[in-house]
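Q: structure for the following, please:
(2 chains)
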Amino acid sequence: MTDVERLFRTYNAALVRYLTRRLGDRDWAEEVAQETFVRALRQTSIQNERAWLFAVATNLVRDEARKDMRRRKHLALLAEQEREEVVEPEETTLERAQEAAMARKAVDALAERDRLALLMREEGLDYNEIAEALQLSPGSVGTTLSRARRRLVESYEALQKNREEREKNAAS
Amino acid sequence: MQHLDEGTIHSWLDGALSADEAVRVEVHVKECPQCAAAVAEARGFIAGSSRILTALDNAPRGVMPAAVARKRVDSIVWRVAATVLVVAAGTLVVVRNRGADEQLMSAKTERVTLSSQPSAATEQQAPPAGGPASTSTAGTSPKAAGGGAPAIARSGVSAQRTTALAGQPAGVSGLAGAPTSQAPTFAPSRVAAVAAMDAAAEPERLKVVGSPQGIGANVTLYEVAPGDTVTLTESIPISLNSIVVRGAIRAPMAQQSVGKSAAAPSKGRADAATTVAQDSQRAGGISLAAPAVSAPIASQVEMANQLNAITWTDPITRTTLTLSGRMSEARLQELRIRIDRERAAAAAKKNP
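A: Sure thing, here's the model as predicted:
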């Protein structure tokens, strides 16, 4: 097994999950993950593999996002329009879709650095790896994560509350 | 102790504190109800944010075209395989060419010009785009296709060994017409010979600063003074039969027209090599590994004019040794004596 194959097998799942959570699109996430491993091919040596892969993936997203922002916004708009036209799905699926939409909204509301640190931590990166990938000082990772977690939970709960109120109003 | 800040609490819960700090936090949390409450809240945030993030995992595959996405699933494996193939093929072509020149030089002259390097680079870099271009690749790589049978056999072997080394099916279909008798036993014995000579050639006094792995030649870089290195290239005799002929006809063949090589009797074999060359090019396009192979070649070409080299035959192993470096031939001869002595000592140590 080559080194890149080993990297791929070891980190692909976590990297794709991280990117999916970051981007909200699994295809895009897989695309970026694969590009990350292709970049790894060109490296003669990587000191901290996991931090390197997550940092490169993050930068790829940033670069691509800048480039494709307008195109993707347009496509997302089209996709949303299409979803609205679709017949209402059964309740459990709807419930889950609403949860996902709220989670997406809450995650998107975080500051970029907080969001990335949190998503990396969820994939098992330790504080040093997060610091390396995001070029933070290791001492500030705890503060970054605590802020990210608090804000994520609080904004999700706020969205949940809004939704419940809307449903109550609709029912009455 | 002051109350704990939220960052420290999260660090502690994430296991990111040193043992000492962790003990201090633990002791404080036991004594301080306020901080104990903060810890409980932090635990809630950690669990809550994990749960929220899990909801994102069923993300749609909406935005990108589905067909493209499905196709990509295995492509990383192919990229890896393609890169291995390109590197193997590149190493083979370059090193074998170098070996050919050294054989030729040992027969004719003591002076090395490294004139073959540009053509090695051409083989690597010739674009396969379009009909004429790909024909020229065929004409360059197996230059002998229009000229002589032994050289054709060599190109076939080269292609086959590339396949054997890379362990990939790519290029196999194109090899249908290639000779099959030589390759299977050839490659392993060559690799074994390289390994054995690596061990035998280990010098004790001259500082070895690198030994690039190659097939067809054993290359050792010695540092004789800071920043001043010489290259010892040891060709492996097993390649003599096929290579010397090819080297001898290289100069006239390089000038021959493309049309002639395409019309050669062994067109099928030329095609075999073409297939490999094209596969390599294609794979290079995907993985971007090709530049890594060709860049050192280019630098060698540039350096060739300033290099001196001497060639001699090792009396024990019967291999051709070439020593090259940016210094006078007299100095190289001096170093040759030292290297010979060290090689003899190493060999004696190995087989007393």
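Q: number of residues surrounding B:Ala81?
A: As a burial measure, B:Ala81 scores 19 neighbours (other CB atoms under 10 Å in any protein chain shown). For every residue, glycine as well, the C-beta is placed using N, CA and C.
Q: spatially central residue in chain A, please.
A: In chain A, the centroid-proximal residue (CA atoms, centre = their mean) is A:Arg22; its distance is 1.5 Å.
Q: can you tell me the element that one falls in?
A: helix A:3-23 (DSSP states H and E).
Q: count the neighbours of B:Ser50 for me.
A: B:Ser50, neighbours per other CB under 10 Å, totals 14.
Q: tell me the SS of B:Arg318?
A: coil (DSSP: H, G, I helix; E, B strand; the rest coil).
Q: that's a strand at B:Asp309, yeah?
A: Just so we're on the same page, residue B:309 is Ala rather than Asp. Yes. Secondary structure of B:Ala309 (three-state DSSP): part of a strand.
Q: returning to that earlier point: so which elements touch the helix holding A:Arg22?
A: helix A:26-41, helix A:49-85, helix A:112-122, helix B:75-108 (3 or more CB pairs under 8 Å, 6 or more residues apart in numbering or on different chains; DSSP states H and E).
Q: how far does the shortest one sit from the chain's center?
A: Computed by CA atoms, centre = their mean, to the nearest Å, the separation of helix A:112-122 from the middle of its chain amounts to 8 Å.
Q: what's the closest non-adjacent residue to A:Ala117?
A: The shortest distance from A:Ala117 to any non-neighbouring residue, by CB to CB, 6 or more residues apart in numbering or on different chains, is to A:Thr144 (4.7 Å).
Q: looks like the one you found contacts A:Arg113 (just checking).
A: Yes. A:Thr144 is within contact range of A:Arg113, at 6.4 Å (criterion: CB atoms under 8 Å).
Q: so which of these two has more stuff around it?
A: Using other CB under 10 Å as the criterion, A:Thr144 and A:Arg113 rank with A:Thr144 on top: 24 against 15.
Q: one step back: just flag whichever of the helices and strands packed on helix A:3-23 has the lowest average confidence.
A: Comparing mean pLDDT over the helices and strands packed on helix A:3-23, the weakest stretch is helix B:75-108, at a mean of 63.
Q: which residue of chain A lies farthest from its centroid?
A: Of all residues in chain A (CA atoms, centre = their mean), A:Ser172 lies farthest out, 37.2 Å.
Q: would you mark the buried spots in stretch B:20-34?
A: B:24-25, B:28-29, B:32 (16 or more other CB atoms under 10 Å in any protein chain shown).
Q: flag the shaky bits of chain B, pLDDT-wise.
A: B:1, B:62-78, B:91-206, B:209-216, B:225-227, B:236-306, B:350-352 (pLDDT under 70).
Q: show me the domain layout of it.
A: B:6-54, B:74-350 (automatic domain parsing).
Q: domain-wise, how is chain A divided?
A: For chain A, automatic domain parsing gives the domain ranges A:1-86, A:89-172.
Q: for A:Ala171, the count of nearby residues, please.
A: For A:Ala171, using other CB under 10 Å, the count is 6.
Q: same check, this time on B:Thr319
A: 21.
Q: likewise the one 3 residues further on?
A: Other residues within reach of B:Thr322, judged by other CB under 10 Å, total 24.
Q: got the phi/psi numbers for it?
A: phi -120, psi 130 (degrees, to the nearest 10).
Q: who does it form a beta bridge with?
A: Beta bridges link B:Thr322 to B:Thr233, B:Thr311, judged by DSSP bridges.
Q: right, and B:Asp228 touches B:Leu332 too?
A: No. Counting by CB under 8 Å, B:Asp228 sits too far from B:Leu332 to count as a contact (11.9 Å).
Q: that older thread, just confirm the residue nearest to A:Ala117 is within a helix.
A: Yes. Judged by three-state DSSP, A:Thr144 forms part of a helix.
Q: residue contacts, B:Glu234?
A: With contact taken as CB atoms under 8 Å, 6 or more residues apart in numbering or on different chains, B:Glu234 is in contact with B:197, B:201, B:217-220, B:314, B:317, B:319-322.
Q: which of those residues has the most neighbours?
A: Most surrounded of these: other CB under 10 Å gives B:Asn218, at 27 neighbours.
Q: so that residue belongs to a strand, correct?
A: Yes. Under three-state DSSP, B:Asn218 falls within a strand.
Q: what is it paired to in the beta sheet?
A: Counting by DSSP bridges, B:Asn218 is bridged to B:Glu234.
Q: could you double-check that it lies in contact with B:Thr233?
A: Yes. Using CB under 8 Å, B:Asn218 is in contact with B:Thr233, at 7.3 Å.
Q: circling back: any chance of the buried residues of stretch B:20-34 in JSON lines, plus distance to A:Asp63 and secondary structure?
A: Compiled in JSON lines, those are given as follows (distance: CB to CB, whole Å; DSSP: H, G, I helix; E, B strand; the rest coil):
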{"residue": "B:Arg24", "distance to A:Asp63": "43", "secondary structure": "helix"}
{"residue": "B:Val25", "distance to A:Asp63": "40", "secondary structure": "helix"}
{"residue": "B:His28", "distance to A:Asp63": "44", "secondary structure": "helix"}
{"residue": "B:Val29", "distance to A:Asp63": "43", "secondary structure": "helix"}
{"residue": "B:Cys32", "distance to A:Asp63": "47", "secondary structure": "coil"}
